[in-house]
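S.K.: Need a 3D model of the following:
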Amino acid sequence: MSTFVKIKALRQSLSSSEAKLADFTLNSANAIRNLSSVELAKVVGVSQSSVVKFSQKLGYKGFPAFKLAVIDALNDETSEPKLHGKITLSDSLEQIAEKLLSSKLAVLTETKNLNETVAIEQAVSLLKSAKRILICGLGGSALVAKDFSYKLQKLGMPAIAEPDGHAQLAYVSTFAKGDLVIAISESGVTREIAEVVKQAKKNDSYVISVTKFGSNPVADRANVRLYSVAEEESVRLSSILARTAQDFVIDILFIALTQSSRQGRKLLEHSNDVVGEFRNH
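M.R.: Sure thing, here's the model as predicted:
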């Protein structure tokens with residue numbers, strides 16, 4: 001996972017000193033090639049210990065490992081799509097379309113980079129072995145949850161998505177070992193979803209989380225952590241980008257499940273045929 005992707009994903013949860021280091025890394029990454037931890041601290045205006053803590057927060061043992069990761073990220077950097085700025089009231093329809101397309105491409109690319117193959121494989125394994133599956137989310141995340149439940153049902157899997165937080169909690173209270181909760185929360189701090197996850201773990205059930213990158217109440221209790229890019233409030237485009245990232249994650253899971261299950265493919269084809277026949281009559 002690119003160091004730059006990690007930093008952008010964690011940016012909103014950093015302390016003031018860490019935020020200074022994050023901004024310097026994102027805006028002046030080339031300069032880090034030739035700086036020691038002491039020199040970086042002096043340039044940014046923070047303590048050397050802040051540099052070390054920042055490196056560790058990103059998952060590195062210390063500054064040398066962080067520095068190497070930055071160099072690798074610079075070497076691997078391609079012409080990935082960049083955000084073209086916020087959509088404004090004065091934008092033409094063509095400008096709106098261009099900015100929205102660019103924003104979605106950037107969000108999809110960063111979401112792909114946030115998720116490790118191993119985590120996707122572990123999530124697929126839990127889905128395939130689950131006795132019962134509850135997919136929970138509120139607001140826009142509830143729409144994503146409902147769509148995923150429909151997809152899994154077409155594969156013959158016992159999945160439901162309940163948009164009401166109380167109903168989610170009541171259902172998960174009946175769960176046991178072998179049952180699975182998929183918790184979708186952009187922030188990872190949604191109170192109702194965090195409580196569902198807490199109850200699931202109390203019942204020895206498995207949890208897959210889909211949240212922003214980093215530590216949060218939902219992801220911290222999950223057996224498998226998947227991530228979607230959570231944009232800043234000012235560029236969220238009314239949660240459109242958040243749902244784009246979440247949809248991308250569940251579609252990866254759905255396609256991986258379809259590839260790995262011959263029986264699932266047969267059921268999917270059959271359900272499509274049944275609906276097709278109905279439409280033609």
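
S.K.: Tell me if residue 182 really is in a helix.
M.R.: No - with DSSP: H, G, I helix; E, B strand; the rest coil as the criterion, residue 182 is located in strand rather than a helix.

S.K.: Just the pLDDT for it.
M.R.: Turning to residue 182, the model gives it a pLDDT of 98.

S.K.: wait, doesn't it sit right on residue 135?
M.R.: Yes - using C-beta atoms under 8 Å, residue 182 is in contact with residue 135, at 4.4 Å. For every residue, glycine as well, the C-beta is placed using N, CA and C.

S.K.: can you pull out the strands in the stretch 51-200 of the chain?
M.R.: Secondary structure of the stretch 51-200 of the chain (DSSP state E, counting those that start in this stretch): strands located at 133-136, 159-161, 180-184.

S.K.: partners of the shortest one, with directions?
M.R.: So the one you mean is strand 159-161. Paired with strand 159-161 in the same sheet, following DSSP bridges, are strand 133-136 (parallel).

S.K.: likewise the last one?
M.R.: When sheet partners are counted by DSSP bridges, strand 180-184 sits next to strand 133-136 (parallel), strand 206-211 (parallel).

S.K.: Distance to residue 71, mean neighbour count and mean pLDDT added to those, as TSV?
M.R.: Output for the strands paired with strand 180-184, formatted as TSV (distance: least, C-beta to C-beta, whole Å; neighbours: other C-beta atoms under 10 Å; pLDDT from 0 to 100):
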stretch	distance to residue 71	mean neighbour count	mean pLDDT
strand 133-136	40	26	97
strand 206-211	29	26	97
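
S.K.: And this structure, what are its domain boundaries?
M.R.: Residue ranges of the domains in the chain are recorded as 3-79, 95-279, according to automatic domain parsing.
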